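Colleague: what follows is a predicted structure for the sequence shown.
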Amino acid sequence: MEFTVSRETLLPALGKVIGVVERRQTMPILSNLHLIANDNHVMLTATDLEVEVKTSFPVDLEQFGEVTIPAKKLVDICRSLSEDAEIHFQMTDERCTVKSGRSRFTLGLLPAAEFPLMETVQDGFELSITESVFKRLLDKTAFAMAQQDVRYYLNGLLLEFRENALVTVGTDGHRLAKFESSVDVGISELRQIILPSKTVLELRRQLNYSDEPVTMSLGEKSIRIVMGNITMTSKLVDGRYPEYQRVIPHELNKKASLKKDELKRALSRTAILSNEKYRGVRLTFDQGILRLLAQNPSQEEAEEEIELDYQNESISIGFNVSYLTDVLSVIDGKEVFIQFQDANSSSVWRGKDADDESYVVMPMRI
């Protein structure tokens with residue numbers, strides 16, 4: 001294989017796939033990128049056996065072929081070259097020679113036949129939505145996913161296909177985020193899949209808020225997502241997601257609304273003196289006033305007061321300040337609407353008049 005490509009073409013292509021490559025691999029081949037050169041293009045593939053990302057880029061091709069090449073070393077070499085560099089690749093005898101100007105690098109290769117390419121999704125249904133809709137579904141809920149929970153099905157994001165809507169749900173058992181978007185899915189039966197957390201994080205990194213189409217092909221155990229010249233194939237989490245509708249409380253009789261940015265700043269200041277381990281803050285809802293109180297084992301404390309619209313009896317609820325900050329970071333608009341029952345029950349947070357989102361936060365003892 002032999003070809004020449006500019007740095008400004010190669011480096012963005014490497015950036016699209018390098019996020020899948022783990023630094024520490026049990027299989028050496030997974031530290032490599034798979035390259036196929038043909039028809040003046042190179043197809044570039046990276047995988048960790050759970051997620052596979054492919055993209056292609058144009059080259060001046062002199063000899064076609066198929067190889068694997070060390071991923072991190074190739075990225076570091078490209079980054080170190082000047083912006084206008086032309087890079088020449090030549091692969092012979094299990095070695096790759098990379099030349100650019102007066103620079104020359106020789107890299108070891110591994111056999112392309114050993115690279116574990118994922119199977120194409122078959123016998124599934126296909127759906128096309130805009131890139132911005134898909135990104136918004138993920139951005140609104142991914143923060144609530146569990147991280148390395150023994151309940152493996154929580155280490156991912158629920159994607160629910162309804163006839164006229166797509167719903168995403170994330171939960172770690174202490175909080176839950178749900179967001180719904182009107183989409184003509186075109187299926188009569190409700191269907192649910194669980195996207196692995198790494199797939200979700202990689203999708204958020206790749207997607208933009210544009211009107212370009214994203215095509216999803218859903219199989220029994222995997223999903224293929226095509227975004228422009230990027231194709232991502234991912235295994236699905238094999239498990240049953242909790243019945244999230246039961247977790248979202250209804251008919252909560254206490255309601256409050258206040259300015260989102262004011263609350264966010266007050267939480268940030270109060271959290272300075274909260275317990276570093278538990279991150280607790282006590283919110284006391286009084287008519288017209290929200291009081292925030294945080295304390296730590298050194299008997300230090302911080303207090304804040306901000307205005308709010310609330311007309312019920314006084315009630316104090318303890319929260320993890322990080323959970324509230326995460327919720328406020330994804331709520332749009334200038335006001336936040338809160339519904340709750342008592343100090344021991346879950347509360348529901350959302351942007352004012354934003355019926356397409358629900359954020360459930362459990363209280364904590366302080």
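Modeller: Sure, I can see it.
Colleague: would you map the helices across the stretch 201-350 of the chain?
Modeller: 244-247, 260-270, 321-330 (DSSP state H, counting those that start in this stretch).
Colleague: so what touches the longest one?
Modeller: Applying CB atoms under 8 Å, 6 or more residues apart in numbering, the set of residues contacting helix 260-270 from outside is 281, 290, 292-294, 302-304, 306-307, 321, 324-325, 328-329, 331, 333-336, 351. Every residue, glycine included, has its C-beta placed from N, CA and C.
Colleague: rerun that using 10 Å as the cut-off
Modeller: Around helix 260-270, the neighbours that count as contacts under CB atoms under 10 Å, 6 or more residues apart in numbering are 258-259, 274, 281-283, 290-295, 301-308, 319, 321-322, 324-325, 327-329, 331-338, 351-352.
Colleague: so, low pLDDT: which residues of the stretch 1-150 of the chain?
Modeller: Residue ranges of the stretch 1-150 of the chain with pLDDT under 70: 122-123.
Colleague: excluding covalently adjacent residues, which one is nearest to residue 176?
Modeller: Closest residue to residue 176 apart from its sequence neighbours, by CB to CB, 6 or more residues apart in numbering: residue 360 at 4.2 Å.
Colleague: counting contacts, what elements does the helix or strand containing that neighbour pack onto?
Modeller: Residue 360 belongs to strand 357-361 when assigned by DSSP states H and E. With contacts taken as 3 or more CB pairs under 10 Å, 6 or more residues apart in numbering; DSSP states H and E, strand 357-361 sits against strand 175-182, helix 244-247, strand 315-320, helix 321-330, strand 335-340, strand 347-351.
Colleague: would you list the ones you listed in CSV and tack on mean neighbour count and distance to residue 88?
Modeller: Shown next, in CSV, are the helices and strands packed on strand 357-361 (neighbours: other CB atoms under 10 Å; distance: least, CB to CB, whole Å):
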stretch, mean neighbour count, distance to residue 88
strand 175-182, 20, 46
helix 244-247, 13, 54
strand 315-320, 19, 55
helix 321-330, 19, 46
strand 335-340, 22, 56
strand 347-351, 21, 53
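Colleague: would JSON lines of the ones you listed with mean pLDDT and distance to residue 147 be doable?
Modeller: What follows is those, written out as JSON lines (pLDDT from 0 to 100; distance: least, CB to CB, whole Å):
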{"stretch": "strand 175-182", "mean pLDDT": "97", "distance to residue 147": "13"}
{"stretch": "helix 244-247", "mean pLDDT": "94", "distance to residue 147": "18"}
{"stretch": "strand 315-320", "mean pLDDT": "97", "distance to residue 147": "15"}
{"stretch": "helix 321-330", "mean pLDDT": "97", "distance to residue 147": "13"}
{"stretch": "strand 335-340", "mean pLDDT": "97", "distance to residue 147": "25"}
{"stretch": "strand 347-351", "mean pLDDT": "97", "distance to residue 147": "21"}
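Colleague: can I get these in CSV including distance to residue 200?
Modeller: As requested, those are exported to CSV (distance: least, CB to CB, whole Å):
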stretch, distance to residue 200
strand 175-182, 12
helix 244-247, 16
strand 315-320, 22
helix 321-330, 14
strand 335-340, 25
strand 347-351, 21
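Colleague: which of those sits closest to residue 74?
Modeller: The minimum distance between residue 74 and the helices and strands packed on strand 357-361 falls on helix 321-330, with 35.3 Å, by CB to CB.
Colleague: tell me how the protein divides into domains.
Modeller: Domains of the chain are assigned by automatic domain parsing as 2-114, 125-246, 250-361.
Colleague: from the chain's centre, how far out does the first one sit?
Modeller: With CA atoms, centre = their mean, to the nearest Å as the basis, domain 2-114 stands 26 Å off its chain's centre.
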